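Colleague: Next come a sequence and a model predicted from it.
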Amino acid sequence: MKKQFACISAFAVAAASLLSLAQPMTASAAGVLECTPYQIRIVPDRTSVSAAEVAQGDVTIPASIYVTGSTAHTFNAVKIRYQSSDDRYLYFSDLVTGDTTYDTQTTYHSSVGDFTTNRQPFCFGSVNANNGRYTKNGSSTTTQVLMDPKFGATIYSAGPNRVYFKTSDGAVWNEATNSYVRGKQEFLCNVTVDENGTGSFTYHYINFFDQSQEDITVTIPRYDATIPAYDSTKNDQQNAASAIPGACDRVFWLNQNDTSFLGNASDEFPFCRVNLVISKDTPSGVYDINFSSEKLSSGSNACEVIGSSNKDIPFETLGTSIAVGVEDAEVVSIRSQKDAAFYTADDNDSILATDFASGILANLKFADGTTEENVDITNLVDCYGITPKKLYDSQAKDGFYASENAPLYYNGKVLKQTDGSAVTQNILVGMKGDVDFDGDVTINDAYLTLCYYAEVFAGKMPSLYSGPSSNSYAERLAIFLADTDTYNESGDPGCILIDDARNILQYYSDASAGASPSWNGYIK
């Protein structure tokens, strides 16, 4: 024991030189930032709707969209587009972004202090540490209202089955010069509505440069003929209630300056919010919401994350599903389920099956007595809404939480296979950086990590975990907790580097100085 403390003291003396070993973030010549992929995900308040609810009327489910990952990088732009598997029944409304303002001021509590604003705080806003003033960084373009695809003009109602829009960049015939000139152009079009309630109209566009004529057709999903007509005696802001609602399925945020996440965690505030609307009398079934992977005509992607210096940042997307009228589910098969799932004790997000399984297929029974086989319900399976933090705080033993047979739930019920056995998952939770499992991040954790790295580097096969637990995944959990910059779950000893010891020491130093450090800042 004396020898260990002597080593710790020597390690503390060498701390300054260890801290100087930090490796700078690099970017490839191809313009893609080399870092752990970020994730764009949509999180609804709930994922199931009963048949009785949709029989009574439209059901609205609020949802938040997050951009999650390392807080070490800065950003210039994020572009997202999401889509419903059947927009006849599930669509989007009331999109809220960082540009949204309210009539009243609200005080928000965050890891960077309290602040008061009449804006909707979002993940790329900022708070001035000196005066607590909130700043909206950049601006967002959305599809909150329907816009003309040629001019980008807002389309308004002109009464039942008619629409109106205007542009200052049209081609107008000039009788005096007998030619087209640029000028204000107004369009008044009749709307045709099909049997599904979808409206459409066509207008003629004159190209100013070659005087060619183009017919453009615009679709209006769920057309509402009762929207009040545009009043020419009022300005556009006063006519806001006359604007035709848009699809609310796209957000493009752009800021010329390098922008960081607001707070110590990337998901402390959402990127945007939107309501999921399930229409009255929607048929029973599972409806998916996914992010678009399409390539736009401009050559860019429908979803993009752009870092500073216009570097593309790698990312992955995670959609969701809404079950309507599903009464029971029996699992038929599970594709690519991990043998164990590892979490950190500060994780407040609900544990979801999408964390550790790529496909849970089930036979479903609906409220109307019908059935459907082999439906992918992965997005609908969780651990009864429990979070890693709650598990760690209430049930940690031997320095961590472990359950080798944690039951999975669907719609509040234990999920079972066709033979009646419960579907389970091995789940482990520990405090990131707490390598000795004493419930705190200390200089000893940095010392143990450095020693482990040195032994692996020397070709030895050391063990990082030396506690009393006989859990077969304890060693992998210890490596996961020591790996501070990549969150590797494989248990590969080679993922532990001298940088990890440095990060643990830096975290301990910041916490000891009264700061509120976050491991998100160390992820590559």
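Modeller: Noted; the coordinates are in hand.
Colleague: List the contacts of the residue in the chain sticking out farthest from the centre.
Modeller: Taking CA atoms, centre = their mean, the residue of the chain most remote from its mean C-alpha position is Ala176, at 56.3 Å. Counting by CB atoms under 8 Å, 6 or more residues apart in numbering, Ala176 makes contact with nothing. All C-beta atoms are positioned from the backbone trio N, CA, C, and that covers glycine.
Colleague: Same question for Ala367.
Modeller: By CB under 8 Å, 6+ apart, the neighbours of Ala367 are 50-52, 284, 325-327.
Colleague: And for it, nearest residue in space, chain neighbours not counted?
Modeller: Ala51 (3.8 Å; CB to CB, 6 or more residues apart in numbering).
Colleague: and that neighbour, how many neighbours?
Modeller: 17 (other CB atoms under 10 Å).
Colleague: begin at 8 from here
Modeller: All set: I'll call the first residue 8, so the last point we hit is now Ala58.
Colleague: wait, it sits on Lys372?
Modeller: No: between Ala58 and Lys372 there is no contact, the gap being 11.8 Å when judged by CB atoms under 8 Å.
Colleague: before we move on, back to that, and the residue nearest to Ala374, how far from Ala489?
Modeller: According to CB to CB, to the nearest Å, Ala58 and Ala489 sit 49 Å apart.
Colleague: if we can go back for a sec, can you tell me the SS state at the residue farthest from the centre of the chain?
Modeller: Of the three states, Ala183 takes coil according to DSSP: H, G, I helix; E, B strand; the rest coil.
Colleague: And the pLDDT at it?
Modeller: pLDDT recorded at Ala183 is 77.
Colleague: cool, the one 5 residues further on as well?
Modeller: On the pLDDT scale, Val188 is placed at 74.
Colleague: Assumed it was part of a strand.
Modeller: Yes: the assignment for Val188 by three-state DSSP puts it in a strand.
Colleague: Now do the same contact list for the residue nearest to Ser291 when sequence neighbours are not counted.
Modeller: Excluding the flanking residues, the one nearest Ser291 by CB to CB, 6+ apart is Gly332, at 3.2 Å. Each residue near Gly332 by CB under 8 Å, 6+ apart is listed here: 56-58, 61, 290-292, 373-375.
Colleague: Just the buried residues of the residues you listed.
Modeller: For the contacts of Gly332, a burial check counting by 16 or more other CB atoms under 10 Å picks out 56-58, 61, 290-292, 373-374.
Colleague: Of those, just say which sits nearest to His116.
Modeller: Val56 (31.7 Å; CB to CB).
Colleague: circling back: for the residue nearest to Ala374, phi and psi?
Modeller: Dihedral pair for Ala58: phi -60, psi -30, per degrees, to the nearest 10.
Colleague: Just list the residues touching it, thanks.
Modeller: 291, 331-332, 373-375.
Colleague: Quick check: the gap between His429 and Leu371.
Modeller: Just to correct that, residue 429 is Ala rather than His. 18 Å.
Colleague: out of the buried ones among the contacts of Gly332, which one sits closest to Gly528?
Modeller: Nearest to Gly528 among the buried ones among the contacts of Gly332: Val56, at 39.0 Å, using CB to CB.
Colleague: What residues does that closest one make contact with?
Modeller: 66, 68, 285, 289, 329-332.
Colleague: Let's have these in CSV, adding pLDDT.
Modeller: Listed next are those as CSV, based on pLDDT from 0 to 100:
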residue, pLDDT
Val66, 97
Ile68, 98
Ile285, 97
Thr289, 95
Ile329, 97
Ala330, 96
Val331, 96
Gly332, 95
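Colleague: Between which two of these is the distance greatest?
Modeller: Among those, Ile68 and Gly332 lie farthest apart (CB to CB), at 14.8 Å.
Colleague: Neighbours of the closest residue to Asp389 other than its chain neighbours, how many?
Modeller: The shortest distance from Asp389 to any non-neighbouring residue, by CB to CB, 6+ apart, is to Leu359 (5.2 Å). Using other CB under 10 Å, Leu359 has 22 other residues around it.
Colleague: likewise Ser164?
Modeller: By other CB under 10 Å, the burial measure for Ser164, its neighbour count, is 23.
Colleague: Now for it: which residues touch it?
Modeller: Contacts of Ser164 by CB under 8 Å, 6+ apart are 170-171, 234-237, 249-251.
Colleague: Name whatever forms a beta bridge with it.
Modeller: Val170 (DSSP bridges).
Colleague: if I look at it, how far off is Asp155?
Modeller: Relative to Asp155, Ser164 is positioned 14 Å away (CB to CB).
Colleague: Is it possible to get CSV of the contacts of Ser164 that adds distance to Gly314 and neighbour count?
Modeller: Output for those, formatted as CSV (distance: CB to CB, whole Å; neighbours: other CB atoms under 10 Å):
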residue, distance to Gly314, neighbour count
Val170, 40, 27
Tyr171, 41, 21
Ile234, 41, 18
Pro235, 44, 11
Ala236, 46, 15
Tyr237, 42, 23
Ser249, 40, 21
Ala250, 34, 19
Ile251, 36, 21
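Colleague: Show me which of those is closest to Phe276.
Modeller: Closest to Phe276, out of all of the contacts of Ser164 and judged by CB to CB, is Ala250, at 27.4 Å.
Colleague: No more questions from me, cheers.
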